[in-house]
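Trainee: return a 3D structure for these sequence lines:
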Amino acid sequence: MTVLGTGTASAAVPVSPAVTAPASAVPPSATQATTLRSRIALHFDLAKGQLPENIAFSPAGTAYVTFAGARQVAAIDRDGTIRTLATLAAPADGGVDTPALGFPLTTGIVRHRDGTLYFLYASGDAASTGLYRLKPGGTPHRIAALPENGLPNGLTFDERRGIFYVTDSVLGTISTVQRTGGRVTVWSSAPELAPTGFLGVNGVKVRDGAVWATNLDQGTLLRIPVHHGAPAKVEVRADGLTGIDDFAFAGSGTDQVIAALVGQNTVARIDGAGRSTTLLTAADGLQNPTAVAVRGGTVYVTSAAYLTGTDPNLIVAALPRH
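Mentor: Below is the predicted model of the structure:
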């Protein structure tokens with residue numbers, strides 16, 4: 001998540017996997033790059049605020065995105081058709097009090113296995129900032145209020161514990177919320193989560209008894225072991241990743257991460273030793289990439305064109321082989 005411009009989609013384009021990539025014999029490093037075959041699957045409408053901030057998938061392959069500039073949640077069918085599921089009202093002041101950014105926006109999104117969508121809205125307004133639930137065919141309902149002086153950004157669900165983890169990029173915190181909503185508890189406010197000028201902790205995921213997160217300002221990938229529900233010491237798993245936003249794990253049984261570096265217009269693979277390899281760049285069509293999802297052998301990357309102001313889009317590429 002980063003700075004925003006303004007922006008329904010262009011003609012339908014299939015978003016199902018249709019790319020292949022050759023195996024790479026180049027070992028991961030901070031300087032070498034792996035070339036992936038990729039394509040732009042969808043071009044979004046900048047003028048209508050259709051700037052994709054985060055993405056989640058159903059088992060059938062429907063993608064669910066938050067459109068930050070339009071304050072929307074939308075579904076993208078496998079044939080590329082866009083369906084707007086919800087549009088949140090702007091606060092009375094238009095969102096100018098939204099911390100760090102000055103505009104209201106929908107951010108992190110999670111799809112539960114029952115089809116319910118959960119997403120975050122940051123508006124700078126106590127009456128609307130929070131975690132929302134959207135049942136299939138329903139309307140959005142706020143289930144947990146979040147601090148209006150913060151910027152709720154990343155969202156993930158821990159199936160084992162039945163809780164959400166929510167990052168706040170302005171306050172530098174990770175909080176927990178029960179699936180049913182209600183009370184919000186600050187789980188960690190470690191200094192590794194803090195911003196150093198703009199936005200701190202950003203993307204978040206749960207993996208093998210630990211919470212993983214990124215810090216945009218500090219350029220770090222973090223792992224926080226969970227001991228009896230509480231955070232242990234923060235581990236910096238990789239650094240030097242300026243402008244790192246959201247990320248995904250490169251398949252099951254691996255600590256390798258595919259991450260979006262929003263300001264650098266790159267997508268990188270980060271291995272278990274913290275070494276990064278560039279996978280995609282602006283030459284592949286990246287326009288300030290914000291989020292990554294991995295399904296089977298395919299990587300999906302949303303670009304919001306926050307800074308380029310040209311072409312928000314969805315790119316698909318083959319998952320790189322290890």
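Trainee: from Ala259, how far off is the residue lying closest to Leu286 once chain neighbours are set aside?
Mentor: Distances taken as CB to CB, 6 or more residues apart in numbering place Asn265 nearest to Leu286, at 4.7 Å, with adjacent residues excluded. Backbone N, C-alpha and C define where each C-beta goes, glycine included. Note on Asn265: its distance to Ala259, by CB to CB, to the nearest Å, is 13 Å.
Trainee: equivalent analysis for Gly80, please.
Mentor: Using CB to CB, Gly80 is found at 25 Å from Ala259.
Trainee: ok, the two, which is more surrounded?
Mentor: Here Gly80 and Ala259 are set side by side on neighbour count (other CB atoms under 10 Å), and the busier one is Ala259, at 25 against 18.
Trainee: residues in contact with the more buried one?
Mentor: Residues in contact with Ala259, defined by CB atoms under 8 Å, 6 or more residues apart in numbering, are 203, 214, 221, 241, 244-247, 267-270, 292.
Trainee: mind redoing it with 6 Å?
Mentor: Ile244, Phe247, Ala268 (CB atoms under 6 Å, 6 or more residues apart in numbering).
Trainee: which SS state does Arg142 fall under?
Mentor: Assigned with DSSP: H, G, I helix; E, B strand; the rest coil, Arg142 falls in the strand class.
Trainee: which residue, other than its chain neighbours, is closest to it?
Mentor: Nearest non-adjacent residue to Arg142 (CB to CB, 6+ apart): Gly130, at 4.6 Å.
Trainee: what bridges to that neighbour?
Mentor: Beta-bridge pairing for Gly130 (DSSP bridges): Tyr121, Ala145.
Trainee: which residues of the stretch 101-250 of the chain score low on pLDDT?
Mentor: Within the stretch 101-250 of the chain, no range satisfies pLDDT under 70.
Trainee: follow-up on the earlier one: can you pick the most crowded of the contacts of Ala259?
Mentor: Counting by other CB under 10 Å, top hit in the contacts of Ala259: Ile244 with 31 neighbours.
Trainee: what's the nearest residue to that one if we skip its chain neighbours?
Mentor: With sequence-adjacent residues excluded and distances taken as CB to CB, 6+ apart, Ile244 is closest to Thr214, at 4.5 Å.
Trainee: what's the burial count for that neighbour?
Mentor: By other CB under 10 Å, the residues close to Thr214 number 30.
Trainee: what separates it from Arg71, distance-wise?
Mentor: Using CB to CB, Thr214 is found at 24 Å from Arg71.
Trainee: A strand includes Ala47, no?
Mentor: No - secondary structure of Ala47 (three-state DSSP): helix, not part of a strand.
Trainee: would you confirm that Leu314 contacts Arg39?
Mentor: No - Leu314 is beyond contact range of Arg39, at 9.8 Å (criterion: CB atoms under 6 Å).
Trainee: so which of these two has more stuff around it?
Mentor: Leu314 (26 against 14).
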